[in-house]
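K.L.:
okay, sequence plus prediction incoming.
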Amino acid sequence: MKKTCIFQDTEKTENTTDLLEVADRIYGPGQFESHAVLFADSFDRLCGSFHHIIRVAEGIVDRYDPRGICDILENLHKKSGFDSILIPGTSMGQMIAPRLAKRLQTGLVAGVTDIKNQGDHIEIIRPACSGKILESVLHKGDGPLMMSIRPNAFAYTPGDSLQTVVFAYTEPVKSCSAVTRLHVRKNQHTCDIRDSDVLIAGGGGVKESFSKLYGLAEALNGTVAASRKLVDQGIAPRSIQVGQSGKTVSPKLYMALGIHGSMQHMAGLRQIESVISVNTAVNAPVCSLSDIVVQGDAKEFIDRLMKKIAVYRS
Amino acid sequence: MNIICVVKFVPDVDSIVCDVENSTLTGKNARVVLNPDDACALAFALGVKAGDPDCFVEVVSMGPMSVRPHMEDLVRLSVDRGTLISDPLFKGSDTLVTSAVLGRYIATRPFDCLLTGNRSLDGGSAHVPVQLAETLGLDQMLGIIRIDPHRFDSTRAVFEVEDEKTVTTYEMAMPGVLSVTRQSGYKLPYVSLSDMRRDVSDELVIITSQDLGFSQTEVGPAGSRTKVVKTYPQTYEKKDRHIVGTDEEGISYVFNFLKQKGFLVR
């Protein structure tokens, strides 16, 4: 039986089971033994999904210390001999995975978005060149298969409930970072666009009327997102950027207002149920992904739709 | 204070064109540029040097000899020493090998701080800064949007990191590796007119695989643990789209769609 180790992000804990989908694709459902490594709290949600849960005890390592966390994972690997180690491609995961790969002298594929099982080998797919192209990567050598997984790229459907064995990790950590956290302040835009079911996204075509998107987002109980064009021009903050250099999103509704839909932008769209695009050019790439294409001016569209919604609600 | 900036020259992604029919990239004529994040890191270092004449800034890059003129241009920007680690054997090295090569050279140099960009335009994995730090046994932080110039010296650095929800201020004991993002907004100065033709061959050092004592099997594809087997353009499934206008009929269509899908709660 193959063994896979899945690290739960220190901050974003809700998508951990999605990494089981990655293991399913590599080995086939039910063909592997899963080990989740996580910090002391928030483990009950994963009971039943994993064979083993390794809870790192409080006080052993700082959550923002990638070196210390690597120690733990390295140690666990030495004991259990994992066949694969999957790490979420979050801010923290991106600092842990390469370090661990270096220590284990194994290959690492970053920001994985797809897996193709070709029978005798696994092709690991990741976007490169800002999402313009996809690379198909092979793992060589004896070390464990290591990947960091692009958040939201995989979605897991739970199978049968498993008998979970929980183990507390209490061994002291040897190499700690000489890093101290001095101060934390909330980002101005605290709403994560990845958590929203409805995204109202604007591109170059709504440069002049970007603020209007917030009204429509409110009316549809959604969040505003933007393309790189608006972010580079300083009209929208980087934290709400969709695309390869921004975030991958999977809302139920994606409304693309004045967005052309470059390769890099489309790389950030995943498993979206409905897409409505509003564009003066009906042949913009984003329109080919849309359920509805509204040909026309986005500003006018927002005004009219808002009016209609207001009448409906009054 | 000694600062080493580790930089990479990358194809300008915007000038790469995908040939969908042949599934190839026509990047051969792509312009080569200094990776934007790396330019920010170097710009910060040069800012420190401007305020402290004793500060020594070295730029280290690994790449083909064709980037030599670009390295020379960097040396013309008050950089004290440029080092290009170049060898045909290095071609096709993955991040594990790249970080080992860079690490072996840098270990021989004096430094208080390593500055790098956050991620490269082409690969974009952000592995090299992290694996370089691990090779040298140093701390490292990605995603830096600002370094406090008043609390940056040979003992420690204070800087801000932005993630999804927070901006966090950290202090790291030096030496360490700091990886700066484009959001920092640090901008490289232009080469002054008088420096443009300055001969900088004395200030640019070329290091080969042999200089570093690597064997053929340790570097390039032979030493790498990952291999890119093919690249192809991203494609998307087309949907049956319905085209409407912004007139009453079109707006009603969108409205009914939203209502039917449950996005309009009264």
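P.N.:
Structure received. Residues are numbered from 1 along each chain as shown, chains lettered A, B, ... in the order given.

K.L.:
pLDDT-wise, which helix or strand of chain A ranks last?
P.N.:
Scoring the helices and strands of chain A by mean pLDDT, DSSP states H and E places helix A:263-266 at the bottom, with a mean of 87.

K.L.:
helices or strands next to that helix in the packing?
P.N.:
For helix A:263-266, there is no helix or strand it packs on, judged by 3 or more C-beta pairs under 8 Å, 6 or more residues apart in numbering or on different chains; DSSP states H and E. Every residue, glycine included, has its C-beta placed from N, CA and C.

K.L.:
and whatever helix or strand comes next after that helix, is it in reach of chain B?
P.N.:
Next helix or strand after helix A:263-266 toward the C-terminus (DSSP states H and E): strand A:274-279. Yes: among the residues of strand A:274-279, A:274-276, A:278 lie within reach of chain B under C-beta under 8 Å from any C-beta of the partner chain.

K.L.:
which of the residues you listed are buried?
P.N.:
Taking 16 or more other C-beta atoms under 10 Å in any protein chain shown as the criterion, what is buried in the residues of strand A:274-279 next to chain B is A:274-276, A:278.

K.L.:
export those as JSON lines, with columns for distance to B:Lys259 and pLDDT.
P.N.:
Formatted as JSON lines, those follow (distance: C-beta to C-beta, whole Å; pLDDT from 0 to 100):
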{"residue": "A:Ser274", "distance to B:Lys259": "12", "pLDDT": "91"}
{"residue": "A:Val275", "distance to B:Lys259": "17", "pLDDT": "94"}
{"residue": "A:Ile276", "distance to B:Lys259": "13", "pLDDT": "95"}
{"residue": "A:Val278", "distance to B:Lys259": "18", "pLDDT": "95"}
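
K.L.:
can I get these in JSON lines including distance to A:Asp192?
P.N.:
Shown next, in JSON lines, are these (distance: C-beta to C-beta, whole Å):
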{"residue": "A:Ser274", "distance to A:Asp192": "21"}
{"residue": "A:Val275", "distance to A:Asp192": "20"}
{"residue": "A:Ile276", "distance to A:Asp192": "22"}
{"residue": "A:Val278", "distance to A:Asp192": "24"}
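
K.L.:
quick revisit: off-centre distance for the least confident helix or strand of chain A?
P.N.:
16 Å (C-alpha atoms, centre = their mean, to the nearest Å).

K.L.:
what's it in contact with?
P.N.:
Residues outside helix A:263-266 that contact it (C-beta atoms under 8 Å, 6 or more residues apart in numbering or on different chains) are A:130-132, A:203, A:227-228, A:242-245, A:259, A:285-286, A:289, B:18, B:233-234, B:236.

K.L.:
then stretch A:197-217?
P.N.:
Applying C-beta under 8 Å, 6+ apart, the contact partners of stretch A:197-217 are A:193, A:220-227, A:229-230, A:233, A:235-236, A:242, A:249, A:251-260, A:265, A:279-280, A:298-299, A:302-303, A:305-306, B:263.

K.L.:
mind checking which of these are in strands?
P.N.:
Among these, the members found in strands (DSSP state E) are A:223-226, A:253-257, A:279.

K.L.:
out of these, which comes closest to chain B?
P.N.:
Ranked by distance to chain B (C-beta to the nearest C-beta), the ones in strands among the contacts of stretch A:197-217 are led by A:Leu253 at 5.6 Å.

K.L.:
got a list of what the spatially closest residue to B:Ser201 that is not a sequence neighbour touches?
P.N.:
If the residues on either side of it in the chain are set aside, B:Ser201 comes closest to B:Glu72, at 7.9 Å by C-beta to C-beta, 6 or more residues apart in numbering or on different chains. Residues counted as contacts of B:Glu72 (C-beta under 8 Å, 6+ apart) are B:82, B:200-201, B:204.
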